[in-house]
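Asks: Any chance you could fold what I've pasted below:
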Amino acid sequence: MADLIIGKRIHVNGIVQGVGFRPYVYGLAIQNNLTGWVRNTSSGVDIEVNGPPPGIETFLKKLQYFPPPLAIIDSFNVKDCPVNGFLQFEIISSQSSSRDFIPISADISICSDCREELFNPVDRRYRYPFINCTNCGPRFSIIQNIPYDRPFTTMARFDMCDACQEEYQNPSDRRFHAQPIACPKCGPQVSLATHEGKVISIGDEAIQISRGFLQNGKILAIKGLGGYHLACDATNPESINVLRSRKYRSDKPLALMAFDLLRIKKHCVVTEDEAALLESPACPIVILKPRDNTPFADLVSPYQKTLGFMLAYTPLHLLLLEPKIGYPEALVMTSGNLSEEPIAYRDDEAFIKLSRVADAFLVHNRPIHMRMDDSVVRSINKSPYMLRRSRGYAPTPIRLGDEVPEILATGAELKNTFCLSKKNYAFISHHIGDLENYETYLSFSEGIRHFENLFRIKPETIVCDMHPDYLATRYARERVQKERVALLEVQHHHAHMAACLADNQYLNDEPVIGLIFDGSGYGPDHTIWGGEILVGDYQSYKRSYNLKYVCMPGGDLAVKNPSRMALSHLWHANIGWDPDFPIFRDIPDYEMNIIRIQIEKGINSPYTSSMGRLFDAVSAFLGIRPQVNYEGQAAIELEALANPDIQEFYEFSLFEGEIDPSPLWKNIVGDITDGIPISTISAKFHNSVVQLSLRVCKEIQLSQRIQTVALSGGVWQNVFLLEKTIRLLSQNGFDVLIHKNVPANDGGIALGQLMIAADWMKKNPV
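Replies: Numbers count the residues shown, from 1 in each chain. All right, here's what the predicted structure looks like:
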């Protein structure tokens, strides 16, 4: 028995390429005196091992239950096989198949080992801005095809020098089979150029001159991992004002970047959970509470009580933010784009589009294959709560309970993402943006092609929003005509509810209550929905309650001018337009007359049940934000003013499934007349929506005995509202589902669409 040698063949599927899996397998095999081989394939990792049973048993247990930190094993299949005759253990050539697929690792922030080498004067990669290893660096943004090998990435153009080649082939080296491996001798280089494209400097000198530019108030366009950023000194009011003016971004918050966690803590209150998010491999922007003495809070995040901070996640960022006396402790690091356009990621495109914004360009010659915005996350109940899912997370798939057909879900118009399915995976795209211009539409269609090619997906069904004018809907309809596949159109808020269920891997056949509070979504009655209490599942839904319809005078104008929504709500509540109300300070008489006629005669005034528009209306009525410069601004600033110590609330009335806010408006008007502080009124309004949520859930529970509640829709990004609602519903015995891996806003819609389509296909087989 002591000389018994057996063979095992193992196939591992999941995120097992680009995360140091083969080197780890190699090391385990050597430790256990096993022979055989490991290779990447288009469907995962294949392994054959030969050796005595105890060694193989130890090998299998460690590999399955203690894989490399960044690996995610979805399946682990072991079979007996003949001893293959290998005399040692080897990493052999990858095997590609046009039909197989494998999940791909997201881009990963710099690891602690590479960070230490970056600042080590005796290391050969000292101050090299593209240092990486098996445990860190670019992944999805440089992948052109699978399997994940260097020839299929944008690093293919860089031939390894002898020293890098030796590390790449050395099983005991941290860079063993690290596909983006590079050094100053053979890898990408950084350079500083004028906005006309003339090179000023290269290498570390370019970085030092760039630091000087930033310190002296200049605005820099910086090519990063997934695209360009626009950067300036976060403590310099003049620089920030110039950036806002050139970028056409007057009030919207700007993201910040710092060298380390210590510097973020100097300016923000950071909990353990928030610190874990900041330092995670994804390294997202995390929404934090600023300290009272933070000098730049009002500059970068006006009229709010939060800051969005991220840590330097690439070696280039670290070199730019390297601490020095007198140097800024934080840089504004916002997406390199003009208003409403996708982030620039190709050099020629960036020089054209960003030349009127940036004073200089810090660029490099490693191509980006797929643009990626930074992800945005906050911590709710000690868990991540996704606001924008992109770099660091996409394209990591959501695992589904069962295998589903190959489906393409095209998502929504705003905050677009798309979603594709293969077997039991849902591949949700990176953040595309608002599909309101040709550039973003191109990014959307290019992204779909890349995902379909990368994951070997040929959709049998395409599912989209039922809104006829969404570009994502038009794309779906055009493809269906060309490819003769099935088309399913899904109601916007049903998709929101389904997305929340899928995000929580809800597989129960019992229906749930969906509190779907949103800005807008096309309803089957051809009105604009948004304040919906649904009861249903993936298959179907019933609209149990909805906010009473009010008109939107001017249509889309009412979204950009919340004062119009305030006047409409007052009119529908039979409240006269008293000129002493705060709202009338900003509306000229002639515009008032136009709005009145539009409401009374129904001219260009579609009806809506939107909860988002109700928040806008209250904000405008209180004089907080009668006009907005970005989506959600009125509601965001209303939330920021809410006094957390106030417990009182206003009442809605319920009648035959309709939620009437008229009593609420009469009480708000009374509080304004009585001189009640705006902060108190804001809190009472938020509390009213919390109490309404409990009330409708109890009503439904009494009649239908439903215990589970799903919260989805853009309004639930309001943390004041979200946390209070979770607490109150939980205290009253409800099981509350909130989003985790995809946003509650329209960035999660595609996942819900896909799940509805999968259920429909299951119940309606061809």
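
Asks: residue contacts, the residue most central in space within the chain?
Replies: Nearest to the mean C-alpha position of the chain, counting by CA atoms, centre = their mean, stands residue 389 at 1.5 Å. By CB atoms under 8 Å, 6 or more residues apart in numbering, the contact set of residue 389 is 375, 417, 428, 430, 431, 741, 742, 743, 747. For the C-beta atoms, the positions are set from N, CA and C on the backbone; glycine is no exception.

Asks: domain ranges for this structure?
Replies: Following automatic domain parsing, one finds the domains of the chain at 6-91, 112-169, 190-364, 408-504+747-763, 512-739.

Asks: how about a markdown table for those domains, with distance to residue 179 and mean pLDDT added?
Replies: Shown next, in a markdown table, are the domains of the chain (distance: least, CB to CB, whole Å; pLDDT from 0 to 100):
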| stretch | distance to residue 179 | mean pLDDT |
| --- | --- | --- |
| domain 6-91 | 7 | 91 |
| domain 112-169 | 5 | 94 |
| domain 190-364 | 15 | 95 |
| domain 408-504+747-763 | 15 | 95 |
| domain 512-739 | 33 | 96 |
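
Asks: Of the ones you listed, give the one that comes closest to residue 394.
Replies: Nearest to residue 394 among the domains of the chain is domain 408-504+747-763; the distance by CB to CB comes to 3.9 Å.

Asks: deepest of the domains of the chain, which one?
Replies: domain 408-504+747-763 (a mean of 22; mean count of other CB atoms under 10 Å).

Asks: What is the longest helix of the chain by residue count?
Replies: When the chain is parsed with DSSP state H, its longest helix is helix 678-704.

Asks: Can you name the element that comes right after it?
Replies: strand 708-712 (DSSP states H and E).

Asks: just how off-centre is that following strand within its chain?
Replies: Distance of strand 708-712 from its chain centroid, counting by CA atoms, centre = their mean, to the nearest Å, is 20 Å.

Asks: What strands flank that strand, and is each parallel or antiparallel?
Replies: strand 512-522 (parallel), strand 735-737 (parallel) (DSSP bridges).

Asks: all helices of the stretch 101-250 of the chain, in order?
Replies: Applying DSSP state H, counting those that start in this stretch to the stretch 101-250 of the chain gives helices spanning 112-118, 162-169, 203-215, 237-247.

Asks: how much space between residue 474 and residue 468?
Replies: Using CB to CB, to the nearest Å, residue 474 is found at 8 Å from residue 468.

Asks: got the contact list for residue 196?
Replies: 351, 355.

Asks: go again using 7 Å as the cut-off
Replies: Contact partners of residue 196, counting by CB atoms under 7 Å, 6 or more residues apart in numbering, are absent.

Asks: now residue 744
Replies: Neighbouring residues of residue 744 by CB under 7 Å, 6+ apart: 712, 713, 714, 716, 717.

Asks: what kind of secondary structure is it in?
Replies: Secondary structure, DSSP: H, G, I helix; E, B strand; the rest coil: residue 744 is coil.

Asks: gap between stretch 179-190 and the chain center?
Replies: 29 Å.

Asks: cool, and stretch 397-407?
Replies: 20 Å.

Asks: coming back round to it: mind checking the strands paired with strand 708-712 for the one nearest to residue 583?
Replies: It is, among the strands paired with strand 708-712 and with distance given as CB to CB, strand 512-522, at 20.3 Å.

Asks: Please name every helix or strand in contact with the helix or strand just after that closest one.
Replies: Next helix or strand after strand 512-522 toward the C-terminus (DSSP H and E): strand 528-536. For strand 528-536, the helices and strands in contact under the criterion 3 or more CB pairs under 7 Å, 6 or more residues apart in numbering; DSSP states H and E are helix 492-503, strand 512-522, strand 541-547, strand 607-608, helix 611-621, helix 678-704.

Asks: make it 10 Å
Replies: If contacts are counted by 3 or more CB pairs under 10 Å, 6 or more residues apart in numbering; DSSP states H and E, strand 528-536 sits against helix 492-503, strand 512-522, strand 541-547, strand 607-608, helix 611-621, strand 658-660, helix 678-704, strand 708-712.

Asks: Serialize the ones you listed to CSV and add fields for distance to residue 160.
Replies: Shown next, in CSV, are these (distance: least, CB to CB, whole Å):
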stretch, distance to residue 160
helix 492-503, 42
strand 512-522, 51
strand 541-547, 56
strand 607-608, 59
helix 611-621, 53
strand 658-660, 65
helix 678-704, 58
strand 708-712, 48
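
Asks: Nearest to residue 4, out of those?
Replies: Nearest to residue 4, of the helices and strands packed on strand 528-536 and by CB to CB, is helix 492-503 at 47.7 Å.

Asks: Extract the C-alpha set from that closest one and format it as PDB.
Replies: Below are the C-alpha coordinates for helix 492-503, written out as PDB (Å, rounded to 0.1, in the frame of the first residue of the first chain):
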ATOM      1  CA  HIS A 492     -39.900  48.800 -15.000                       C
ATOM      2  CA  HIS A 493     -40.900  48.400 -11.400                       C
ATOM      3  CA  HIS A 494     -41.600  44.700 -11.700                       C
ATOM      4  CA  ALA A 495     -37.900  44.500 -12.800                       C
ATOM      5  CA  HIS A 496     -36.800  46.400  -9.800                       C
ATOM      6  CA  MET A 497     -38.600  44.000  -7.500                       C
ATOM      7  CA  ALA A 498     -37.200  41.000  -9.300                       C
ATOM      8  CA  ALA A 499     -33.700  42.500  -9.100                       C
ATOM      9  CA  CYS A 500     -34.000  42.700  -5.300                       C
ATOM     10  CA  LEU A 501     -35.200  39.100  -5.100                       C
ATOM     11  CA  ALA A 502     -32.300  37.900  -7.300                       C
ATOM     12  CA  ASP A 503     -29.800  40.000  -5.400                       C
END
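
Asks: Check the offset of that helix from the chain's centre.
Replies: 16 Å.

Asks: Report the angle between it and strand 708-712.
Replies: 120 degrees (axes from the mean of the first three to the mean of the last three CA atoms, to 10 degrees).

Asks: any idea whether residue 9 is helix, strand or coil?
Replies: strand.

Asks: so it sits right up against residue 56, yeah?
Replies: No. Using CB atoms under 10 Å as the test, residue 9 is too far from residue 56 to be in contact (11.3 Å).

Asks: which residues do these two both contact?
Replies: 36, 49, 78 (CB atoms under 10 Å, 6 or more residues apart in numbering).

Asks: Make TSV from the residues you listed and add secondary structure to it.
Replies: As requested, the shared contacts of residue 9 and residue 56 are exported to TSV (three-state DSSP):
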residue	secondary structure
36	strand
49	strand
78	strand
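
Asks: from those, which is closest to residue 607?
Replies: Nearest member of the shared contacts of residue 9 and residue 56 to residue 607, counting by CB to CB, is residue 78, at 60.6 Å.

Asks: Name the residues linked to that closest one by a beta bridge.
Replies: Beta-bridge partners, per DSSP bridges, of residue 78: residue 10.

Asks: wait, it sits on residue 47?
Replies: Yes. The pair residue 78 and residue 47 passes the contact test of CB under 10 Å, sitting 9.3 Å apart.

Asks: what touches both of those two?
Replies: Shared contacts of residue 78 and residue 47 (CB under 10 Å, 6+ apart): 8, 9, 10, 11, 12, 60, 63.

Asks: wouldn't the first one be in contact with residue 36 here?
Replies: Read that as residue 8. Yes. Counting by CB under 10 Å, residue 8 touches residue 36, with 8.5 Å between them.

Asks: Spit out the residues that contact these two alike.
Replies: 47, 48, 49, 50, 51, 56, 59, 81, 83.

Asks: Export those residues to a markdown table and append columns for distance to residue 488 and secondary structure.
Replies: Below are the shared contacts of residue 8 and residue 36 laid out as a markdown table (distance: CB to CB, whole Å; DSSP: H, G, I helix; E, B strand; the rest coil):
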| residue | distance to residue 488 | secondary structure |
| --- | --- | --- |
| 47 | 41 | strand |
| 48 | 44 | strand |
| 49 | 46 | strand |
| 50 | 50 | strand |
| 51 | 52 | strand |
| 56 | 48 | helix |
| 59 | 46 | helix |
| 81 | 44 | strand |
| 83 | 52 | coil |
